[in-house]
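> structure for this input, please:
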Amino acid sequence: MDVRSMEHVSNQDNLFIGKGRRKRAIARISLLPKPSESSESPYSCQINGQPLQSYFGNDPFSLLTVEGPLKLLAEQEHPFLDVEVKVRGGGLSSQAEAIRLGLSKALVAMQPPLRHLLREQGFLTSDARRKERKKYGLKKARKASQFSKR
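Have a look, this model is predicted:
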């Protein structure tokens, strides 16, 4: 099943899917709108089966990165969401940026008018920087051995 047909099937079930990448990290996000509850938070987020705060417990920067689109959504009076994330590869900060991109794409699939707001904040822009390849004769991509005159 290709991606287009998967998105079409998911939109019928009110399940919205977004995919984000950053360096080696790949995140797949599933958004499910839920009826408003009496809870104080407008969203519940599970990353690889763990709550958002425990997954990024020691890294507050990554936590803020992931919560960016969700806080923007909370300001706009949108429905309560159940967010399920599967992420693999990369480090914590790469995973956080991949989740942010995939979450933004899923939000645009759910509510197309949000595209302008998310684009304005830079949440829909993918960071294209990758690791540079190692060159022949060098120790790393650019690191050479020390030059000896004699």
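
> can you tell me the centre-most residue of the protein?
residue 99 (1.4 Å; CA atoms, centre = their mean).

> can you give me the helices for the chain?
3-12, 52-55, 60-75, 92-110, 114-121 (DSSP state H).

> closest to residue 146 out of the ones you listed?
Of all the helices of the chain, it is helix 92-110 that lies closest to residue 146, at 31.9 Å by CB to CB. For every residue, glycine as well, the C-beta is placed using N, CA and C.

> out of the helices of the chain, nearest to residue 127?
Residue 127 sits nearest to helix 92-110 of all those, at 6.4 Å, using CB to CB.

> okay, the angle between that closest one and helix 114-121?
Angle of helix 92-110 versus helix 114-121, following axes from the mean of the first three to the mean of the last three CA atoms, to 10 degrees, is 150 degrees.

> tell me the helices and strands packed up against helix 92-110.
strand 16-22, strand 25-34, helix 60-75, strand 80-88, helix 114-121 (3 or more CB pairs under 8 Å, 6 or more residues apart in numbering; DSSP states H and E).

> point out where the protein drops to low pLDDT.
For the chain, applying pLDDT under 70 flags the ranges 1-13, 36-41, 77-78.

> check the offset of stretch 101-118 from the chain's centre.
Between the centre of stretch 101-118 and the centre of its host chain there is 12 Å, according to CA atoms, centre = their mean, to the nearest Å.

> oh, and call the first residue 21 from now on, that's how I've got it
In the new numbering, first residue 21, that becomes stretch 121-138.

> which other residues reach it?
Outside stretch 121-138, the residues that touch it by CB atoms under 8 Å, 6 or more residues apart in numbering are 27, 31, 36-42, 47-51, 53, 86, 89-90, 92-93, 96, 98, 103, 105, 143-144, 146.

> can you rerun that using 7 Å?
With contacts defined as CB atoms under 7 Å, 6 or more residues apart in numbering, stretch 121-138 is touched by 27, 36-40, 42, 47-49, 51, 89, 92-93, 98, 143-144, 146.
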